[in-house]
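> For reference, the sequence and a predicted model appear below.
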Amino acid sequence: MQSAQSLRHFILDNLRAGRWRVGDRLPPERSFSDRFGLSRGSVRKVLQDLRELGLIEQTVGSGTFVREGAEAVVQALPAEQVSQSSPAELMEARITLEPAILELVIANATATDFRRMDECCERAERAQSLMEFEHWDGMLHEAIALAAHNSFVAGVFSHMNQVRAQTEWGVLKRRSVTPERRLLYQREHRALVKAIKARDLDQARSAALQHLVGVRRNLFGG
């Protein structure tokens, strides 16, 4: 049910933020199914619920569209609670999604994207506090996601960064990051960016997975 709830959150977040406006077509059911690991039936149930709220309309053969009046309806709904997503769920999602998007990143990243990645690495390395380091750590992963130049991916990672901003995540990170681990994370970030800039997909995926699995181990043990 958590994955279905994540899809609901994602759609509502995009509507609230104005990324999807009246008449815009939503991604197809197959795309939602693949991205969130849901059956087509589960995707249809989420869309049916949102249709009944008056947010979307569906036309056979054409797709799913934002309905007129959706903006007023979504603003009247209670805010979705990002805190429902735990740090463990976030790490599970990151390990699944971050290596998976690298094919798009390597295909679409520009020189400007590479400069932003380098800047994030440099700012993290110069950070005077763990809080500042964590900020630029998050900015690097966001910069990599944005380099895919795919609005769907950007929306998913925006939600993930909201979870990273939670107090519970910050407490875990402060407990787990030693000076030695921070230096290791910095080296791993550089290795990942180097592989992306070389457009070496296998090496980039390997670097991303090694980094994320290590972060999860340090956060939760095991």
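Happy to help now that I have it. Numbers count the residues shown, from 1 in each chain.
> Start from the N-terminal end of this structure and give the strands.
Per DSSP state E, the chain carries strands over the ranges 56-59, 63-66.
> Make a markdown table out of those and add mean pLDDT and mean neighbour count.
For the C-beta atoms, the positions are set from N, CA and C on the backbone; glycine is no exception. Below are the strands of the chain laid out as a markdown table (pLDDT from 0 to 100; neighbours: other Cβ atoms under 10 Å):
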| stretch | mean pLDDT | mean neighbour count |
| --- | --- | --- |
| strand 56-59 | 90 | 16 |
| strand 63-66 | 94 | 18 |
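> can I get the ones you listed in TSV with distance to residue 22?
Output for those, formatted as TSV (distance: least, Cβ to Cβ, whole Å):
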stretch	distance to residue 22
strand 56-59	10
strand 63-66	5
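> residues of stretch 5-25 that come out buried?
Using 16 or more other Cβ atoms under 10 Å as the test for burial, stretch 5-25 gives 6-15, 20.
> what's the average pLDDT for it?
The average pLDDT for stretch 5-25 rounds to 84.
> Likewise for stretch 103-122?
Stretch 103-122 shows a mean pLDDT of 96.
> re earlier: helices - which of the buried residues of stretch 5-25 land there?
Among the buried residues of stretch 5-25, the ones falling in helices (DSSP state H) are 6-15.
> From what I see, residue 110 and residue 143 are in contact.
No: counting by Cβ atoms under 8 Å, residue 143 is not a contact partner of residue 110; they are 11.6 Å apart.
> out of the two, which sits in the more crowded spot?
Between residue 110 and residue 143, counting by other Cβ atoms under 10 Å, residue 143 is the more crowded of the two (23 against 10).
> Tell me how many other residues surround the nearest residue to the more buried one once chain neighbours are set aside.
Leaving aside its sequence neighbours, residue 143 sits nearest to residue 116 (Cβ to Cβ, 6 or more residues apart in numbering; 4.6 Å). Using other Cβ under 10 Å, residue 116 has 19 neighbouring residues.
> The strands of the chain: which one's closest to residue 205?
strand 63-66 (31.6 Å; Cβ to Cβ).
> now the closest one, how far from the centre of its chain.
How far strand 63-66 lies from its chain's middle: 23 Å, per Cα atoms, centre = their mean, to the nearest Å.
> Lovely, talk soon.
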